[in-house]
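# following is a predicted model, sequence given first.
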Amino acid sequence: MAKITKSPWLLHYDGSSCNGCDIEVLACLTPVYDVERFGIINTGNPKHADIFLVTGGINEKNKAVVKQLYDQMPEPKVVVAVGICACNGGVFKDAYNIIGGVDKAIPVDVYVPGCAARPEAIIDGVVKALGVLDEKQKAFKEAKKKKGV
Amino acid sequence: MRENYELKILSPEQITIKAHSLRNKGARLSQICSVRTKDGYDLLYSYVLDGLFKNYKVSISETAEIESITAIFPNAFLYENEMSELFGIKIKYIALDYKNKLYDIAVETPFK
Amino acid sequence: MSKRSIVPFGPQHPVLPEPIHLDLVLEDEKVVEAIPSIGFVHRGLEKLVEKRNFHDYMYVIERICGICSFMHGMGYAEGIERIMDVEIPDRAKYLRTIWCEMSRLHSHLLWLGLLADAFGFESLFMHCWRMRETILDMFEASTGGRVIFSVNKIGGVLKDMDNSMLRTFVDMFDKMEEEVRSLTNVFLKDYTVANRLKGVGILTKEDAILNGAVGPMMRAAGIEADTRKLGYAAYGDIDFDIITGKDCDSFARCEVRIGEIFQSFNIIRQAVAKIPEGPVAVDVKGNPNGEAFVRLEQPRGEAVFYFRGDGTQFLNRARVRTPTFANIPSLVKILEGCDFADVPILVLTIDPCVSCTER
């Protein structure tokens, strides 16, 4: 990735993680790791967000919440699953209230492994997500042209 | 150094009486939990009185109904709702009854 | 009478790193009643004890929460050791004490940061989290993990810290203490902070007992109680005073936690000075048969562990009553009658850890 074409904003939601990945996501935003140097800001409003960071697995109760947040985000959007629980359920896979990874609820573009995912890995995932976002944006523009809007 | 705590046996009728007397002495309800046994459940009521940890074990049958202590210790509502949802223990007069929807679990509860 | 309306708060909210939902009944801008609803993070970890043997369950119980992960593991280890009547080596007890206090330090700094963020003091949030990273670096050096450590085992700990590492840590803490003091002075002396916190969310001594408050919530109401005084691990050999507040408000809770940060520095120094040489773990044979309660003081307050085994390698029951679970009734209590705009701050002053609460 030669240059970043956008300053993407993040939306973070904790599915049913143990908190470990959540505090690592927050640690990414603070001085030592500082993803804000890429122009990335953590926002609480889904309508402002381009990248959706989800930590933790999906259960029946938060499935609707995750879906609703995803639907509220404007196109194009990228979903990053942070931590092994968000990828496939991880250590909680056998627990009765876990359906599985985030991809059981919404389409996921980037998977970040780790328990807990290290901030370096999260940043790597976010940077990868920027690449995906770029591609999606191009496709989005072309689709618009074809429609003649 | 390990803590020396008390663990006494109570009958189901004594739950509310004990709770009353402990509340009058200024105790704090620390936790309630239940354990599945072969022919019913063990309920464990833990209180802290002047720093001392007091536990009471109540053995009940599967069909028994017990009385809530939310009128005495308001914070009991979370523990009692949890027990009735996950273990199927019948508790009457809970002040804030979630009707087995505290955690709102998708799979069938209570667990047998 | 003005009209009542119900406003939902959460599960996704800018000040909440974790999902919790409250139904707030409002009369104009005043909250009359708050009804908590949980279950967004419920995984059912207590039940998982039936699928993992009692050695493996350690890795599950550590993941109840990523902030007090060490203390959950330790509570489990102490419970099983008690059932099996295993006496762990003295050095392991001291190492557990040191890691416990490091957990408390990073948790309280994390909370101070989140609080600053909640009242809109962004730079203070950044400073708190910057200092917290130093402690995470120490954790990484000594255990290999930043948030989930997996260093406890039944019968001791898995890793030792050599004496030169301990001395380096003490030097680092000495330097850090000055920095942290300049930071906490902002919380204690800045009038904007006092404006937001003083007189807000009062929980009286009587209400604290009645609602079963634990930890800094309880101590801020003037109740002198700290489970560490029971002398588990190496706390029996360490000299410390219980820190209490007297104003019962959010500011008092902030003061208590700040006091505990410096207390933790002090405890670590004492523990490093007294730590004996020797092995850090003993072998454990057989399966647990019996039941035991264990109480621990986590950063958020007293946690109660209960385990029962029947002589097989799978436990019958594992129960963790986490401090936030005990503090939710107090939260409901302090929300009654508060301003709607103060709700986020009040939710934060109990130091909520939702993944602990719901397990």
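All right, it came through fine.
# who does the helix-or-strand element of chain A with minimal mean pLDDT touch, helix- and strand-wise?
Least confident helix or strand, chain A: strand A:41-43 with a mean of 83, by mean pLDDT, DSSP states H and E. The contact analysis (3 or more CB pairs under 8 Å, 6 or more residues apart in numbering or on different chains; DSSP states H and E) places strand A:41-43 against strand A:9-14. Every C-beta, even on glycine, is put in place using the N, C-alpha and C of the backbone.
# tell me if the helix or strand encompassing C:S123 is near chain A.
Secondary structure assignment for C:S123, by DSSP states H and E: helix C:122-143. Yes. Helix C:122-143 reaches chain A (CB under 8 Å from any CB of the partner chain) through C:F125, C:M126, C:W129, C:R130, C:E133, C:L136.
# most neighbours out of the residues you listed, which is it?
C:W129 (26 neighbours; other CB atoms under 10 Å in any protein chain shown).
# dump the residue contacts of that residue.
Counting by CB atoms under 8 Å, 6 or more residues apart in numbering or on different chains, C:W129 makes contact with A:L26, A:A27, A:T30, A:P31, C:L109, C:L110, C:G113.
# ditto for B:P12
Residues in contact with B:P12 (CB under 8 Å, 6+ apart) are B:V58, B:I60, B:A64, B:I66.
# OK, contacts around the residue nearest the centre of chain B?
The residue lying closest to the centre of chain B (CA atoms, centre = their mean) is B:I32, at 3.9 Å. Residues counted as contacts of B:I32 (CB under 8 Å, 6+ apart) are B:L43, B:L44, B:Y45, B:S46, B:A76, B:Y79, B:E80, B:M83.
# make it 6 Å
B:Y45, B:Y79 (CB atoms under 6 Å, 6 or more residues apart in numbering or on different chains).
# any idea which element it lies in?
strand B:28-37.
# over to C:E277?
Under the criterion of DSSP H and E, C:E277 resides outside all helices and strands.
# mind checking how far it is from A:P107?
56 Å (CB to CB, to the nearest Å).
# next one: C:R63
In terms of CB to CB, C:R63 sits 26 Å off from A:P107.
# those two: which has the busier surroundings?
More neighbours surround C:R63 than the other of C:R63 and A:P107, with 26 against 10 (other CB under 10 Å).
# what number of residues lie near the nearest residue to that one once chain neighbours are set aside?
Nearest residue to C:R63 in three dimensions, chain neighbours excluded: A:C18, at 4.4 Å (CB to CB, 6 or more residues apart in numbering or on different chains). A:C18: 35 surrounding residues under other CB under 10 Å.
# and A:C18, what is it in contact with?
Counting by CB under 6 Å, 6+ apart, A:C18 has contacts C:R63, C:C65, C:G66, C:S355.
# shouldn't it be within a strand?
No. Counting by DSSP: H, G, I helix; E, B strand; the rest coil, A:C18 is located in no strand; its state is coil.
# give me the pLDDT value at it.
In this model, A:C18 is scored at 84, pLDDT.
# roughly how far apart are C:G79 and C:I154?
On the measure of CB to CB, C:G79 and C:I154 end up 9 Å apart.
# before we move on, what about C:V256?
Relative to C:I154, and taking CB to CB, C:V256 is found at 33 Å.
# what ranges does the stretch 51-200 of chain C have for its strands?
Ranges of strands within the stretch 51-200 of chain C are C:152-153, C:156-157, based on DSSP state E, counting those that start in this stretch.
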